[in-house]
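Colleague: got a sequence here, can you build the structure:
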Amino acid sequence: MKTIVLSISLATATLLLAQHIQYGDETLVQEQTQTATHNGVVLDESEKDIKLNTLQIVSTKTIQKAKKIFRSLPKSLQKDTHIYRVGDYIALRFKTTKTVRALKPYVKQFQRLGFKDAYVLQTTQWHMKKHLIRGSEGVHNEKPLTRSFTKPQQVQQQAAVPSKKPISQYLYAQLLSKADQAYKQGDESSSLSYYEMLYNTTNATQRVKNNLCYLYGKRGAWLDAQEVFKQERFTSNLVYAYAYGAVETHQPNFMEDMKEYIAVDRTGKLSLLAGYYYEQGGDMQNAMKYYTQAYAKNRSSWYNTYAYARVFDLAQNYPKAAELYKEVLTKIPKNNQNYGIIFNRIHQITIER
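Modeller: The predicted model follows:
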């Protein structure tokens with residue numbers, strides 16, 4: 001896998017336009033049968049009046065393909081994803097809600113995972129029950145939407161974390177090679193699966209753990225990453241790795257997930273990433289705020305100094321910007337690829353102006 005390095009250009013990052021949210025209406029689909037039961041499930045005609053919304057992730061021709069896609073999803077999303085048969089196709093759908101608004105954040109999340117055609121589907125409780133495929137591998141049963149007034153059962157004791165198994169160095173090397181190769185080929189789902197296998201062995205190195213959290217970050221799989229954090233004694237590098245991945249794909253929950261870690265991080269790395277996150281979104285006021293915070297936390301880092309210099313550069317305080325850029329040049333070797341960029345910028349804002 002590539003080495004994860006944050007690169008901050010002198011130009012403001014382009015704000016990517018969000019995909020337009022499409023809507024459909026399943027109630028317009030003509031039903032072939034109107035029976036009281038369907039595959040052993042009682043269908044109450046009155047439930048056709050219970051309007052719901054669901055997020056249709058993708059549709060396929062075969063249930064095998066649907067299962068494969070299901071298994072590629074982050075575990076945090078699998079629990080609310082189910083498989084349905086509608087007419088001649090198989091559909092993966094996520095959650096059922098009463099309002100469209102509740103699904104909008106997930107539309108963007110699935111689109112960033114590669115499901116560009118994900119859209120909100122208007123349906124009914126009757127249709128969802130009728131189309132759900134029950135007993136399929138990897139498919140969870142739908143929870144009833146009606147309230148239960150029975151006393152809650154006692155919470156079962158939390159299952160113990162499964163113990164990790166040792167494997168041979170040969171098998172470990174094979175899995176690691178496949179993980180890296182899949183990543184280089186753009187197959188991040190397979191790469192993630194291999195890294196999860198490697199992590200669940202006693203052989204797992206820090207590199208494997210970092211790369212696993214990095215890939216979780218790219219998918220916004222915060223709950224999965226937290227499970228890794230809980231099992232590790234030292235988590236700072238894992239948090240940084242997750243944050244790098246989440247910033248690369250501009251995950252919508254990045255700041256919500258990271259705010260507590262940013263507050264206690266003394267290196268300034270997370271503050272720097274927060275600044276870059278806001279710059280990606282075109283919010284330069286917050287970007288400059290976090291770049292300043294990164295420098296205040298750790299002035300020895302040339303990344304932090306460089307970002308802080310840009311705060312003054314963007315504010316057109318060129319003397320201060322030049323002073324800080326020159327400070328950066330004292331912290332990096334001349335053969336560093338950024339040395340020439342910074343040197344030229346100093347020339348532009350001092351001599352050319």
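
Colleague: need the distance between the two termini of stretch 216-229.
Modeller: Stretch 216-229 has an end-to-end distance of 12 Å (CA to CA, to the nearest Å).

Colleague: ok, stretch 257-277 next?
Modeller: Here stretch 257-277 reaches across 13 Å from its first residue to its last, counting by CA to CA.

Colleague: pull out the buried positions in it.
Modeller: The neighbour-count check on stretch 257-277 (16 or more other CB atoms under 10 Å) flags 257-258, 261-262, 265, 267-277 as buried. For the C-beta atoms, the positions are set from N, CA and C on the backbone; glycine is no exception.

Colleague: in helices only, show me those residues.
Modeller: The helices in this structure, assigned by DSSP state H, contain 257-258, 261-262, 269-277 from these.

Colleague: pipe those into JSON lines and attach distance to Met288 and pLDDT per row.
Modeller: Shown next, in JSON lines, are those (distance: CB to CB, whole Å; pLDDT from 0 to 100):
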{"residue": "Asp257", "distance to Met288": "22", "pLDDT": "91"}
{"residue": "Met258", "distance to Met288": "18", "pLDDT": "93"}
{"residue": "Tyr261", "distance to Met288": "21", "pLDDT": "93"}
{"residue": "Ile262", "distance to Met288": "16", "pLDDT": "94"}
{"residue": "Lys269", "distance to Met288": "17", "pLDDT": "94"}
{"residue": "Leu270", "distance to Met288": "16", "pLDDT": "96"}
{"residue": "Ser271", "distance to Met288": "12", "pLDDT": "95"}
{"residue": "Leu272", "distance to Met288": "12", "pLDDT": "95"}
{"residue": "Leu273", "distance to Met288": "14", "pLDDT": "95"}
{"residue": "Ala274", "distance to Met288": "11", "pLDDT": "96"}
{"residue": "Gly275", "distance to Met288": "7", "pLDDT": "94"}
{"residue": "Tyr276", "distance to Met288": "12", "pLDDT": "93"}
{"residue": "Tyr277", "distance to Met288": "13", "pLDDT": "94"}
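
Colleague: relative to Thr124, which of those residues is nearest.
Modeller: Minimum separation from Thr124 among these (CB to CB) is found for Asp257, which lies at 34.3 Å.

Colleague: quick check: the closest one touching Ala246?
Modeller: Yes. The criterion here is CB atoms under 8 Å, and Asp257 meets it with Ala246 at 7.3 Å.

Colleague: so which strand or helix has Tyr308?
Modeller: With elements delineated by DSSP states H and E, Tyr308 resides in helix 302-314, which encompasses its position.

Colleague: what sits up against that helix?
Modeller: Contacts with helix 302-314, where a contact means CB atoms under 8 Å, 6 or more residues apart in numbering, come from 6, 8, 10, 268-269, 271-272, 275-276, 284, 288, 291-292, 294-295, 297-299, 318, 320-321, 324-325, 327-328, 331-332, 338, 342, 345, 349.

Colleague: among those residues, which lie within helices?
Modeller: Counted as lying in helices by DSSP H, out of the contacts of helix 302-314, are 269, 271-272, 275-276, 284, 288, 291-292, 294-295, 297, 318, 320-321, 324-325, 327-328, 338, 342, 345, 349.

Colleague: only the buried subset of the residues you listed, as a ChimeraX command please.
Modeller: Written as a ChimeraX command, the selection of buried residues from the ones in helices among the contacts of helix 302-314, which uses 16+ other CB under 10 Å, is:
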select :269,271,272,275,276,284,288,291,292,294,295,297,318,321,324,325,328,342,345,349
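
Colleague: point out where this protein drops to low pLDDT.
Modeller: Counting by pLDDT under 70, the ranges of the chain that qualify are 1-49, 86-89, 134-162, 352-353.

Colleague: out of everything not next to it in sequence, what's closest to the spatially most central residue of it?
Modeller: The centroid of the chain falls nearest to Gly220 when counting by CA atoms, centre = their mean (1.5 Å). On the basis of CB to CB, 6 or more residues apart in numbering, the spatially nearest residue to Gly220 that is not a chain neighbour turns out to be Gln251, at 4.0 Å.

Colleague: the one you found and Ser177, how far apart?
Modeller: Taken as CB to CB, to the nearest Å, the spacing of Gln251 relative to Ser177 amounts to 29 Å.
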